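> The following comprises the amino acid sequence and a computationally predicted model.
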Amino acid sequence: MASEEGDDGPLVGRTDTLAGVQSDLRNVGPGGTAAVFVTGESGVGKSRLLRETARAMSAAGVAVLSGTCLDIGDASPLHPVLQALRQANSPAQQPTSADDPGALLDRVSRDLRELAGDRHLLLVLDDLQWADRSTRQLLLYLLAGLGGVRLSVLAAVRAEALHGAHPLRRVLAELRRLRSVKVVDLSPLDREQTLELVNAIAGGGIEPEDSDRVFKRSGGNPFVVEELARDLRDGRIELSDTLREIFLSRVDELPPKAHSVVHAVAAGVEPVEHVVLARVTKLGEDELIEAIHAAVAHRFVASSPEGYRLRHRLVAEVLEAEVLPAQAASLHRRYAEAMEAGGVVDHARLAHHWQKAGEPARALPSVVAAARSAEKLYGFTEAHRYWSLALDLTTDDVPERTELLAHAAESAHLCGEHQRALTRLAELAARPDAPGRCELHLRRARYLAAAGRSATAEVEYELALQAPDCTPRQRASAAAYLAELLVHLGRYGDAYDRASEALDQAAENGTTADLVRASAALGYSSAFREDPDAGLAVIRQAVEIAERSGHPDDLGVAYLHLAELLTGPLNKVEEGVLVARRGAERLASLGVGRSYQTRLLAIAGNGLFRVGQWAEADQVLEAAMRHRPSGADAVELLLARCRLWVGFGDVDAAVRDLDAVATLLAGGGARHVLPMLTLRSGLAMWQRQHAQARAAVQRGLTETRSDDLMLLGILAWHGLRAEAEALSDGEQVDPGALRRLKTVVERMVDGVGNAATPVRGVIDGYIDLCNAEISRIEQRHDPEPWVRAAAAWDRRSQPYPAAYSRLRRAEAVLTRRTTRRATAVVALREAYTMAIAMGARPFTAEIVATAQRFRVALADDADTVPLNPPSAVPDDELSILTQREREVLAAMAEGLTNREIGEKLFISERTVGVHVGHIFDKLQVRTRVQASRVFLTAA
Amino acid sequence: MQSVWGPVRQEMFDLLQTHPDDVPAVVDQLTKLQDILGRVPPLLAENPLCDFNKLYLTITEGVLERLYAGKFKDPAFLSRLDVEFAARYFDALRAWAGPEASPLCPRVWSGLFQRIPGPDCRPLPAACAGVNAHINFDLPFALVTTFDHLGTDPIDDSDQHLDYLQINEIFAHSIPGLRRGYLDKWQLLIDTMNGSLDDWWQGEAVEYTRNVAWRNAQKLWGLRHDMSATDKERAHLDRVAADLGKLLLSPLGEFLQ
């Protein structure tokens, strides 16, 4: 869109919108970010709205940064944001390379933070429909709060683009569900507003039928209204009805040299610099300036410090259709030559012009250069498009084609275009100088496996192994990959055989990576075949091998496998957590493998959560978040942390993390949707929002694979529990939902026999919980199913579901008023102790409420366990503290030492230390005495 | 400006403020829509969009039932597709402000929407005209968006393709039953004579167009980064589907009934 700076006509009919947009931009969500997306047809005034908002917010002390996305089809990754940073003269240089995609996002965020200083940042992006994938990902990363930038985003999107299959369509559909995101649809002006605008421009005295005609012709499009109103003012008689004719007749009135300036700017990538324009138009300096003056006076071209642009993209589109192909080609050639002469290194733009100039051979080098620089910025989608473009520019007889095909196939694989990758590979295989057969089979197998076509991938690995040109090293590698694939397919017997072979071969000829891969496959398949000790030994050995190689990837992978095996199938959670933390520390000491460190800490955090050490889990996850993860790693960490918030009952923090997850998932990522829904339902249950809890589960049931019993188990339990909770609040049970949930439970019972042993224990635990909830819904008050469930989770050493089952057991017994009250009291007290130890606040509150209802004393010395009633409104000064921190502070005020506090609150002394540190920071005090004073004054 | 929706204008507006994000919510939205559409004068429940909406609701309920029963290989894909698919129908309704006044409403939908006030046409061709718009025009784009979002691509014989083909069965199930609901007595006679043949033809037609939609989606998939090429293809599909829709709603379409 990008219409001119300054010289704007009056702004009509947008006062409310303008105020609304500003207030929405200030109204940041729990993550400290907000966004407004303005959609509307071309010429409706989106750019204008952006400009006015930016001006007003800037005047109010907000740091404003503006960028525009380009419509050259293939811009370089992150273009609009990097361009905006450059224009703002940010001290930071353009990031040219980074260790990993996350590091790149982190670096851009740091530049944004530096630029903003202590101000709030407004990032304004025009023509977002042309944004590349990397820019969209960056936007989601920033909006999820991962960049640590307090910012609001204001972006304009052409309404036309959102039809069809534009990726932004889906992104906006997901984002608009968040409270901090608004999508504003800018409609054309109505009859009165058109009249107002016409009068404002033409200076009044306009006949009503004239302005009516303007309204009819323009459809209320302000850009067209303005043009037609000027005609009225100038006494021009406009006969034509279409936008195209209106503008063409004006172009004809331009002096010839201004005419060529307008055409040149229309063919360029805006903004067009003066020097470039001079080279392209081949006009002398004086002539050029005169011509530009005329073009500006006729309101075609706008001038700004960065260069020239057309006053509106609509004009460019009209002109594009009018220019002869030969004329356009010649303009583009001149642009390309001008850029080369000027030593400009924007490969994307150069490639664009050479291509449009009809000179494929000259375009090729810049296309290849653009592909390589996109790969450096982890823009694999963009890189893939450049490699494909390079292929379009070459014919079969060009020798470079073989190499281009190899790149195109690999980049397609990396950006998830599996089918395309396979097609390219097939083409590569047909080249006379194609790589060897084994190599081709290996690559095809990798691509197929990534596409989820495991059966065909397996065949390809076999073919690679049988290929006559297969070197010992390739054989080791293929066998290791194949073993890994078989583990994923759950064929542990085959995997075991294949992995043993692979391990022998890798020991002889393989790389460390192959050795580690083969060991992991062997370890997993042994563990699943009920020989856990042997499996463990093999993977421990893999860690040692990796330690010797010292390569970050080897180390990361080996530690990940060991930690996963221990915390997962073997259920040796404590040990797994230790391994994960040790691995993370090891990599941190080498200063490498940020992504592996993050993932290891996520495993540790999840493990600690399961064994009930929530305060520790909290710290580990905080440490992991400090690595500023992105993409799937970030989603997993946020989900893990959110699980903690739900457990702690910190609603605000849980909502913040759920919003952040939803923001990131707007860019794609199906497998994380279910954990998000489960958490949403768990949180809603604590808030007694039964409808939300049930809806989340029902949606989850429509998206879960029927063979994924683990996920089904968690969902079904949440669903049944939601029904039971609703019932206990006096609401009706939804018979349809109940029937469906029972069907799911039946499916689990039928399928559990086929599950691998380690998984079976967990599924059984969920089946027990489900059956117990069903008995609760049927109001049988039967303690037996709860006894079973508690025992199952005790065996798995998972205190949360175990304590929950105890609460329900006690409740059932006490409701029945049998003589077995004593057992109920014991169960309730156990549940209470466990809940307190975890810091599970809402759960504890429920236990306390149950105890009060049935007049059970929870502890002999109940006084020594102060528990803030959950309904208590915290005092202002202490409200910045979390519940846990307040408990620590209360104990501190009693004069207890860290160790004593730890014992009292069931947390480690170190954890108390961390809490004390946070308390000091938040209350801005330096000593325990000062902190106690704040507490006592507030209390 | 008088709304095309007459007395139900506000209800329509309010309903379309919601953007369903799962299949149960789509069913819910279609159910509410069915009620509102049945009150648009002058034809009330006889209006052609009502006929289509009823069929679409039946089919979506069928999809939901299968999702709950765990019948699909990749339910996440199918759920997303269903939501994405429905969103396009709701978008078209949202964009509809009357002929001449709805530049953002696809032509193929406009053709059906402008028949809401009449002249009356037969229920079956009306429902088919809606199916035509939805499958021949909306579906390929919904497929591309869904695949793009899930990070996979449209591959023949993949889990997603097999799930997609299952929907044909639901169509085959829904159409004969629906058809019987429409019949007058004398038509019942004709139907018992050649009904099965006719139903077969119907079922085939849907299956055929749904396969065309899959092929079109694969074609669009390759173009999806090229905005102008996608726009061209979109305009082309809209034109072709709109012409077919016109035919269905013309007196000629009555032979289907």
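Received the coordinates, thanks. Numbering: from 1, shown residues only, chains lettered A, B, ... in the order given.
> Not counting sequence-adjacent ones, nearest residue to the residue of the stretch 751-900 of chain A found nearest chain B?
Using CB to the nearest CB, the closest approach of the stretch 751-900 of chain A to chain B is made by A:Gly751 at 10.2 Å. All C-beta spots, glycine's among them, are computed from the backbone N, C-alpha and C. Closest residue to A:Gly751 apart from its sequence neighbours, by CB to CB, 6 or more residues apart in numbering or on different chains: A:Leu709 at 5.4 Å.
> Check B:Ala213 too.
B:Leu139 (4.1 Å).
> What count of nearby residues applies to the one you found?
Neighbourhood size, B:Leu139 [other CB atoms under 10 Å in any protein chain shown]: 24.
> any idea how far it is from B:Ile59?
For B:Leu139, the distance to B:Ile59 equals 12 Å [CB to CB, to the nearest Å].
> do the same with A:Arg688
According to CB to CB, A:Arg688 and B:Ile59 sit 36 Å apart.
> Spell out the secondary structure type for whatever residue of chain A ends up closest to chain B.
Residue of chain A nearest chain B, by CB to the nearest CB: A:Ser706 (3.0 Å). Look at A:Ser706: counting by DSSP: H, G, I helix; E, B strand; the rest coil, its state is coil.
> Local confidence estimate at it?
pLDDT recorded at A:Ser706 is 78.
> show me what contacts it?
Shown in contact with A:Ser706 (CB atoms under 8 Å, 6 or more residues apart in numbering or on different chains): A:712, A:747, B:70-71, B:75.
> could you check the distance from it over to A:Ile774?
Distance of A:Ser706 to A:Ile774, given as CB to CB: 20 Å.
> Show the contacting residues for the residue most central in space within chain A.
For chain A, A:Leu664 is the residue whose C-alpha lies nearest the centre (CA atoms, centre = their mean; 2.2 Å). With contact taken as CB under 8 Å, 6+ apart, A:Leu664 is in contact with A:140-141, A:144, A:146, A:631, A:634-635, A:638.
> And these, which is the shakiest by pLDDT?
Scoring these by pLDDT puts A:Gly631 last, at 83.
> Spell out, range by range, the helices that occur in chain B.
Here chain B has its helices, by DSSP state H, at B:9-15, B:23-37, B:48-68, B:75-95, B:107-113, B:123-132, B:139-150, B:159-182, B:185-223, B:227-249.
> residues in the stretch 1-150 of chain B within reach of chain A, list them.
By CB under 8 Å from any CB of the partner chain, the residues of the stretch 1-150 of chain B that approach chain A are B:19, B:21-25, B:64, B:67-71, B:73-77, B:79-80, B:84, B:87, B:91, B:103-104, B:106, B:140-141, B:144-145, B:148-150.
> repeat that for 7 Å
Within the stretch 1-150 of chain B, the residues that sit near chain A (CB under 7 Å from any CB of the partner chain) are B:19, B:21-24, B:64, B:67-68, B:70, B:75-76, B:79, B:87, B:104, B:141, B:144-145, B:148-150.
> hang on, the earlier thing: would you check which pair of the contacts of A:Ser706 lies furthest apart?
Spatial extent of the contacts of A:Ser706 (CB to CB) is set by the pair A:Leu712 and B:Lys71 at 14.5 Å.
> Those two: which is more packed in?
A:Leu712 (26 against 15).
> quick one, what contacts that one?
Residues near A:Leu712 by CB atoms under 7 Å, 6 or more residues apart in numbering or on different chains: A:704, A:744, A:748.
> Residues of the stretch 151-257 of chain B that sit close to chain A?
So the stretch 151-257 of chain B meets chain A at B:151, B:153, B:155, B:220, B:224-227, B:230-231, B:234 (CB under 7 Å from any CB).
> List only those of those residues flagged as buried.
Applying 16 or more other CB atoms under 10 Å in any protein chain shown to these, the neighbour count classes B:153, B:155, B:220, B:224-225, B:227, B:230-231, B:234 as buried.
> What helix or strand is A:Ile246 located in?
Per DSSP states H and E: A:Ile246 is located in helix A:243-253.
> Same drill for A:Arg688 and B:Ile59, tell me which one is more crowded.
Just comparing A:Arg688 and B:Ile59: by other CB under 10 Å the higher neighbour count belongs to B:Ile59, 22 against 12.
> wait, isn't that one in contact with B:Asn168?
No. Between B:Ile59 and B:Asn168 there is no contact under CB atoms under 7 Å: 10.6 Å.
> Where does the prediction get shaky in the stretch 151-257 of chain B?
Confidence mapping of the stretch 151-257 of chain B against pLDDT under 70 gives the ranges B:172, B:175-210, B:251-257.
> quick one, what contacts residue 148?
All of this refers to chain A. Contacts of A:Gly148 were listed using CB under 7 Å, 6+ apart, and they are A:109, A:113.
> actually it's chain B I care about, not the one you picked
A:165, A:167, B:224.
> Would you format the residues you listed as JSON lines with distance to A:Ala363 included?
Shown next, in JSON lines, are the contacts of B:Asp148 (distance: CB to CB, whole Å):
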{"residue": "A:Ala165", "distance to A:Ala363": "27"}
{"residue": "A:Pro167", "distance to A:Ala363": "26"}
{"residue": "B:Arg224", "distance to A:Ala363": "22"}
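> quick revisit: secondary structure class for the residue of the stretch 751-900 of chain A closest to chain B?
For A:Gly751, the assignment made with three-state DSSP gives helix.
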